[in-house]
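>>> need a structure here:
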Amino acid sequence: MRYRVWCETLAFADIGPALPLLARTGVELILAVRPWQLGELGELLARAAAAGVDVAVWPMLADADGRWVSVASASAWIGFADELLAQAGAPIAELVLDLEPPIAQLTALKNLRPAWTARAGFTAAGEQLRAAIARWRPRRITTAVMPFVAAELAGDWVQRLLGTPVSALPVDRHSVMAYTSLYEGWSRGLVGRRRAELLLAATARLARVRFGERAALSLGAVGAGAFGDEPAYRSPTELARDVAIARRAGITELSLFELGGVLRRSPAEAWLAALTD
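Here you go, the predicted structure:
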């Protein structure tokens, strides 16, 4: 099993104290890096290496530029990833592509307002990303993808609707975002905890069918992320149940969202124990 934790909400200076805990528990760090954080990245990577913590770098654009990788942002995101790799100041062993529509569109959809993801350029964006991935090798390349993509099973119609080329990318893992706290909390009362667990089990099985041995899962949430209001787990017990469901489905790489919530909802050790035990 491979265990990881996303880190999106913490300042780099606040991550250092958590490195010994990650090292003790064998949990890898997936580190969001925004354009204005490039100057701080090398020092944090060096501290993580000294602590024995593996780091995957998760490039993230400014919100006005879309934040994540999609048809709308592919060129800008690839340019930023290239700049990051050139200026990191330390070796980067893994690069993570977070494939989601622009944050403004997802925010509108979350709030039940009309939104439409531009689909023009889907093929061209996929070709750009494949060429960039070939250039970034031999680094490990992974993704984060929305759960709807796992349910697609064949073709690319969901990917085209979302504007996120996924299945044609030659990556090592696709981590499907399967957050039971969001399944439940954003359902407006339609999904309780038990149904959220059933949805997680279905997502895990579909991910295995869609991506085979490359399937991974992201579990959560422990705290809020990009939107600032994501519903969270009630306790580490819910996380432990999710881990058991994922492992029964044959998933061998699990990532927890996210480190800021883990540290704010002490004891942090309880959350990481629920993930790794």
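>>> how far does the top helix by length along the chain sit from its chain's centre?
Criterion DSSP state H: the longest helix present in the chain is helix 193-211. Averaging C-alpha positions (C-alpha atoms, centre = their mean, to the nearest Å) puts helix 193-211 17 Å from its chain's average.
>>> next SSE downstream of the helix or strand where residue 219 lies?
Assigning secondary structure by DSSP states H and E places residue 219 in strand 215-220. Going down the chain from strand 215-220, the next helix or strand is helix 236-248, by DSSP H and E.
>>> now do that following helix, average pLDDT.
In this model, helix 236-248 has a mean pLDDT of 98.
>>> so residue 175: helix, strand or coil?
Assigned by DSSP: H, G, I helix; E, B strand; the rest coil, the conformation of residue 175 is strand.
>>> so it versus residue 255, what's the distance?
6 Å (C-beta to C-beta, to the nearest Å). For glycine as for every other residue, the C-beta is placed from the backbone atoms N, C-alpha and C.
>>> list the residues that contact both of those two?
The contact sets of residue 175 and residue 255 overlap at 216, 217, 218 (C-beta atoms under 8 Å, 6 or more residues apart in numbering).
>>> okay but the first one is in contact with residue 172, surely?
In other words, residue 216. No - if you go by C-beta atoms under 8 Å, residue 216 and residue 172 don't touch, sitting 9.3 Å apart.
>>> settle it for me: which of the two has more neighbours?
residue 216 (26 against 15; other C-beta atoms under 10 Å).
>>> next up, the contacts around the more buried one.
Counting by C-beta under 8 Å, 6+ apart, residue 216 touches 142, 173, 174, 175, 176, 207, 251, 252, 253, 254, 255.
>>> filter those residues to the buried ones?
With burial judged by 16 or more other C-beta atoms under 10 Å, the buried subset of these is 142, 173, 174, 175, 176, 207, 251, 253, 254, 255.
>>> where's the closest residue to the first one other than its chain neighbours relative to residue 16, distance?
Excluding its sequence neighbours, the residue lying closest to residue 142 (C-beta to C-beta, 6 or more residues apart in numbering) is residue 173, at 4.4 Å. For residue 173, the distance to residue 16 (C-beta to C-beta) stands at 27 Å.
>>> what's the answer for residue 39, then?
Distance, residue 39 to residue 16, by C-beta to C-beta: 16 Å.
>>> ok, now residue 195?
Noted for residue 195: a distance of 40 Å to residue 16, by C-beta to C-beta.
>>> contact partners for residue 38?
By C-beta under 8 Å, 6+ apart, the neighbours of residue 38 are 83, 84, 87, 88.
>>> angles on the backbone of residue 147, please.
phi -60, psi -30 (degrees, to the nearest 10).
>>> any idea which residue sits dead centre in the chain?
Residue closest to the mean C-alpha point of the chain, counted by C-alpha atoms, centre = their mean, is residue 144 at 4.2 Å.
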